[in-house]
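>>> only the shape, not the letters, is given here:
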């Protein structure tokens, strides 16, 4: 189901980007050209046209952001670290939350399914911070050690009691846990009322293909 969901996310994001976003961009060009043709004395018409242009540009930006949320091109082309860093910057700029990102010797060549899993956990975790925590500061950290890789999200918000994890499907915790389970990872959450929340997603090295498996996959691709 998660794989099918990701395929559908990718398709919808592509449609938004290639069809709706481009169509609105052309609409903006048409409005700008029409604005240039209006005489400066036609103040009412120019004011209405400027409002239309502003709304259309905002719709374009919203669709672009939604497309990115559904399917991150940055994750696909430049990797997990820049994608999570960009996500943190986006949250900081859009909401009154300071999201500080750090990474410690994080490998660039992790499997795509592991990278996607951690990125979705980062999205869900930061989404919870925005919606529920009332935090002012959040720390996001990607790190690695000989046993595996991890993503840590810690906020200084209101926190919650353990019994509240059932609220709203556990604040998305069930979905995050299932995603991690599929890559042999695990999720741990610590929280106290008025003491903030920390989410830790860990994926062991056993989820990474061995050199022999990589060669077998490459050979299979060459044969096909």
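Right, received. Where do you want to start? Everything quoted here is computed from the prediction, not taken from an experiment.
>>> okay, CA-based contacts and neighbour counts for the rest of this
Fine.
>>> next one: the residue lying farthest from the centre of the chain from residue 47, what distance?
Going by C-alpha atoms, centre = their mean, the residue of the chain most distant from its centre is residue 41, 46.5 Å out. Look at residue 41 and residue 47: by C-alpha to C-alpha, to the nearest Å, they are 11 Å apart.
>>> which residues of the protein score low on pLDDT?
1-2, 6, 13, 69, 162-171, 209-224 (pLDDT under 70).
>>> test my guess that residue 153 contacts residue 141.
Yes. The pair residue 153 / residue 141 is scored as a contact, 6.6 Å apart, by C-alpha atoms under 8 Å.
>>> wait, what's in contact with residue 105?
Residues near residue 105 by C-alpha atoms under 8 Å, 6 or more residues apart in numbering: 143, 144.
>>> now do residue 184
Taking C-alpha under 8 Å, 6+ apart as the test, what residue 184 contacts is 203, 204, 206, 207.
>>> show me those residues that map onto strands.
203, 204 (DSSP state E).
>>> ok, and the most crowded of the contacts of residue 184?
Of all the contacts of residue 184, the highest neighbour tally under other C-alpha atoms under 10 Å goes to residue 203, namely 23 neighbours.
>>> that residue and residue 186 touch, don't they?
Yes. At 6.7 Å, residue 203 and residue 186 qualify as touching, with contact defined as C-alpha under 8 Å.
>>> what is in contact with those two at once?
Contact criterion C-alpha under 8 Å, 6+ apart; residues shared by residue 203 and residue 186: residue 180.
>>> report how many residues lie close to the closest residue to residue 208 other than its chain neighbours.
Counting by C-alpha to C-alpha, 6 or more residues apart in numbering, residue 208 lies nearest to residue 111, which is 6.4 Å off, once chain neighbours are set aside. The number of residues packed near residue 111 is 13, by other C-alpha under 10 Å.
>>> give me the domain ranges for the protein.
Domain ranges of the chain: 2-70, 80-207, per automatic domain parsing.
>>> would you mind finding the most buried of these?
Most buried of the domains of the chain, by mean neighbour count (mean count of other C-alpha atoms under 10 Å): domain 80-207, with a mean of 17.
>>> how long is that domain end to end?
One end of domain 80-207 to the other measures 16 Å (C-alpha to C-alpha).
>>> chain center to that domain, what's the gap?
Offset of domain 80-207 from its chain centre (C-alpha atoms, centre = their mean, to the nearest Å): 11 Å.
>>> and what of stretch 65-72?
With C-alpha atoms, centre = their mean, you get 7 Å for stretch 65-72.
>>> going forward, the N-terminal residue is numbered 752.
I'll keep to 752 as the first residue from here, and by that count the last item is stretch 816-823.
>>> what's in contact with that stretch?
By C-alpha under 8 Å, 6+ apart, the surrounding residues in contact with stretch 816-823 are 760, 761, 763, 764, 765, 767, 768, 834.
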